[in-house]
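1. next input, structure requested:
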Amino acid sequence: MAAITASMVGELRAKTDAPMMECKKALTEAEGNMEKAEELLRIKLGNKAGKASARVTAEGVVAAYVDGNVGGMIEINCETDFVTKNDSFLAMAKAAAELVAKNNPADVAALGAVAYEQDGFGPTLEDVRKGLIGKIGENMTFRRFKQFNSGAKLASYLHGTRIGVLVEYEGDDTAAKDVAMHIAAMKPVALSTADVSADLIEKERAVAAGKAEEDRKTAEAAGKPAQSAEIVAKRVEGAVQKFLKEVSLHNQAFVKNDKQTVEAMLKAANTSIKGFTMFIVGEGIEKKVDDFAAEVAAQVAAAKGEKPAA
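-> All right, here's what the predicted structure looks like:
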């Protein structure tokens, strides 16, 4: 039987975009015959979508599209960073953002039903997604998207493909673009302190109260006098107010000039922000943490016919 080398696996992966282990299995089954292995992969990867659908997709990209006062932004997830460099995957993400803007689908199912053909996988966006799953061998999902059509002007900013920001505004285009970049860097959660959610404020208040209690215990253990309830209450409220300024866009120090707030910069530019949306790839998704060393050891042991160590 022909030896399966790393270069053979790499060559087959380059031809098919299939996962490394799938390439190795196909080459082994084909006894090193590259053409036969490629044929085996094309057969096997035809039903990859069903097998991959349960796997966690915590990597991915954010794409945005703006045409005048209409725009769309979408997060599309996949399993590994490798796929985020794939040209077909990136083309699908870019097209999906445009389809969101132009069609305003109600949900992911409606988005998938929109007509779109790519690499012969069409005729719908969902068909393209399934086709790419089959070709690449990884699950990928349309996680979330938003259409913008409020009549306000739009400015977008993409930090690579992992952070996307779309700002609705009136006024100066340059100032709005700067704000979009600022949001990507400083990640505010609301436009102003009044817009921060009550749940988030209470969570921060609980954290501040917990810290005050820890400080009280430390002081007590050291024989120092405890602060009065009134002073503790002021400390807690002070911490909450500091938090509100840190997470509200208007109150943040402008990233390009920390001597002024974003609100002051906007006022000087005669510009107002009506709202903003930020997508961060994988935000809130629990990622699977792999023990790479253990995985390699298991593969080596399997190749030798040994049982992996417990």
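
2. give me the domain ranges for the protein.
-> Using automatic domain parsing, the domain parsing of the chain gives 1-52, 57-171+272-302, 193-271.

3. quick one: end-to-end length of the last one, please.
-> Criterion C-alpha to C-alpha, to the nearest Å; first-to-last residue distance in domain 193-271 is 19 Å.

4. can you get me a residue count around Arg13?
-> 18 (other C-beta atoms under 10 Å). For every residue, glycine as well, the C-beta is placed using N, CA and C.

5. that one looks like it's in a helix, true?
-> Yes: judged by DSSP: H, G, I helix; E, B strand; the rest coil, Arg13 forms part of a helix.

6. hmm, back to that, nearest to Ala180, of the domains of the chain?
-> Closest to Ala180 of those is domain 57-171+272-302 (C-beta to C-beta; 3.6 Å).

7. pLDDT of the closest one, averaged?
-> Mean per-residue pLDDT for domain 57-171+272-302: 88.

8. any idea how far it is from the chain center?
-> 8 Å (C-alpha atoms, centre = their mean, to the nearest Å).

9. what's the most buried one of the domains of the chain?
-> Most buried of those, by mean neighbour count (mean count of other C-beta atoms under 10 Å): domain 57-171+272-302, with a mean of 18.

10. pipe the domains of the chain into CSV and attach distance to Asp178 per row.
-> Shown next, in CSV, are the domains of the chain (distance: least, C-beta to C-beta, whole Å):
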stretch, distance to Asp178
domain 1-52, 38
domain 57-171+272-302, 9
domain 193-271, 6
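
11. out of these, which is closest to Lys177?
-> Per C-beta to C-beta, nearest to Lys177 of those: domain 57-171+272-302, 4.9 Å.

12. which among the domains of the chain is found nearest to His182?
-> domain 193-271 (4.5 Å).

13. so what's the gap between the closest one and the chain middle?
-> Using C-alpha atoms, centre = their mean, the offset of domain 193-271 from its chain centre is 28 Å.

14. next one: stretch 176-184
-> Distance, centroid of stretch 176-184 to centroid of chain: 18 Å (C-alpha atoms, centre = their mean).

15. is Ser156 in a helix, a strand, or coil?
-> strand.

16. give me the contacts around stretch 208-219.
-> Pro225, Ala226, Gln227, Val232, Arg235, Val236, Ala239, Val240, Phe243 (C-beta atoms under 8 Å, 6 or more residues apart in numbering).

17. can you tell me how far Gln118 is from Glu79?
-> Gln118 sits 20 Å away from Glu79, taking C-beta to C-beta, to the nearest Å as the criterion.

18. hmm, I was thinking of Lys224
-> Lys224 is 54 Å from Glu79, where distance means C-beta to C-beta.

19. ok, and the closest non-adjacent residue to Glu170?
-> Ser272 (5.2 Å; C-beta to C-beta, 6 or more residues apart in numbering).

20. give me the pLDDT for Gln260.
-> pLDDT at Gln260 comes out at 96.

21. likewise Thr193?
-> At Thr193, pLDDT is 94.

22. now do the contacts for the nearest residue to it once chain neighbours are set aside.
-> Excluding its sequence neighbours, the residue lying closest to Thr193 (C-beta to C-beta, 6+ apart) is Leu244, at 4.2 Å. For Leu244, the contact set (C-beta under 8 Å, 6+ apart) comprises Thr193, Val196, Ile201, Asn251.

23. which of those residues fall in helices?
-> Ile201 (DSSP state H).

24. widest-spaced pair of the contacts of Leu244?
-> Longest span within the contacts of Leu244, C-beta to C-beta: Ile201 and Asn251, 14.2 Å.

25. where along the stretch 101-250 of the chain do the helices fall?
-> In the stretch 101-250 of the chain, the helices defined using DSSP state H, counting those that start in this stretch lie at 108-112, 125-136, 173-186, 198-221, 229-247.

26. save those as TSV, and put in distance to Lys85 too.
-> Shown next, in TSV, are the helices of the stretch 101-250 of the chain (distance: least, C-beta to C-beta, whole Å):
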stretch	distance to Lys85
helix 108-112	23
helix 125-136	11
helix 173-186	21
helix 198-221	35
helix 229-247	33
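
27. helix, strand, or coil at Ile76?
-> strand.

28. wait, isn't it in contact with Glu59?
-> No: counting by C-beta atoms under 8 Å, Ile76 stays clear of Glu59, with 10.0 Å between them.

29. residue contacts, the residue of the chain positioned farthest from its centre?
-> Computed with C-alpha atoms, centre = their mean, the residue of the chain farthest from its C-alpha average is Gly223, at 49.3 Å. Listed by C-beta under 8 Å, 6+ apart, the contact set of Gly223 is empty.

30. use 209 as the first number for this chain going forward.
-> Fine by me, first position is 209 from now on; the one you just mentioned is Gly431.

31. noted, bye for now.
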